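Participant: predicted structure and sequence below. I'll ask about it afterward.
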Amino acid sequence: MALSNFLATVVGAGAVLLLLRSDARKTSATLRRNLRHIRSWLEEEQAVGTKQSKPPPEGQSSAPKDSTKPPETPT
């Protein structure tokens, strides 16, 4: 009786380990696939963002003006 209990325990533990290994493989494959999709989405958004942003026209600075200085008056 003890031998059959031992064998049942070993078989049960082996089955659980086998299922967990295959589940871990499937999960890691799914995560890798999701990361590839997210990375491609971010690259697409970045490409769209760089196309939409245009450099300022010549002679104009993109730096904000200092509002604490009084405006210069011509003399």
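Facilitator: Perfect, I can see it now. Numbers count the residues shown, from 1 in each chain.

Participant: contacts and neighbour counts: CA atoms only from here.
Facilitator: OK.

Participant: who touches L17 in this structure?
Facilitator: Residues counted as contacts of L17 (CA atoms under 8 Å, 6 or more residues apart in numbering): none.

Participant: from I38, how far off is it?
Facilitator: L17 sits 31 Å away from I38, going by CA to CA, to the nearest Å.

Participant: L18 too?
Facilitator: Distance of L18 to I38, given as CA to CA: 30 Å.

Participant: go on, A2?
Facilitator: A2 sits 53 Å away from I38, going by CA to CA.

Participant: and these two? Which one has more around it.
Facilitator: Neighbours were counted for A2 and for I38 using other CA atoms under 10 Å; I38 has more, 12 against 7.

Participant: against V11, how distant is that one?
Facilitator: I38 is 41 Å from V11, by CA to CA.

Participant: ditto for T73
Facilitator: Going from T73 to V11 by CA to CA gives 92 Å.

Participant: likewise S28?
Facilitator: According to CA to CA, S28 stands 26 Å off from V11.

Participant: swap in D23?
Facilitator: With distances taken as CA to CA, D23 is found 18 Å from V11.

Participant: which of T73 and V11 has more neighbours?
Facilitator: The neighbour comparison of T73 against V11 (other CA under 10 Å) goes to V11, with 12 against 5.

Participant: for the strand or helix carrying R21, what does the pLDDT average out to?
Facilitator: For R21, the host element (DSSP states H and E) is helix 2-52. Helix 2-52 carries an average pLDDT of 91.

Participant: from the chain's centre, how far out does that helix sit?
Facilitator: 16 Å (CA atoms, centre = their mean, to the nearest Å).

Participant: what's the burial count for K26?
Facilitator: By the criterion of other CA under 10 Å, K26 has 12 neighbours.

Participant: for it, list the residues it contacts.
Facilitator: The contact partners of K26, taken as CA under 8 Å, 6+ apart, number zero.

Participant: gap between it and F6?
Facilitator: Separation of K26 from F6 (CA to CA): 30 Å.
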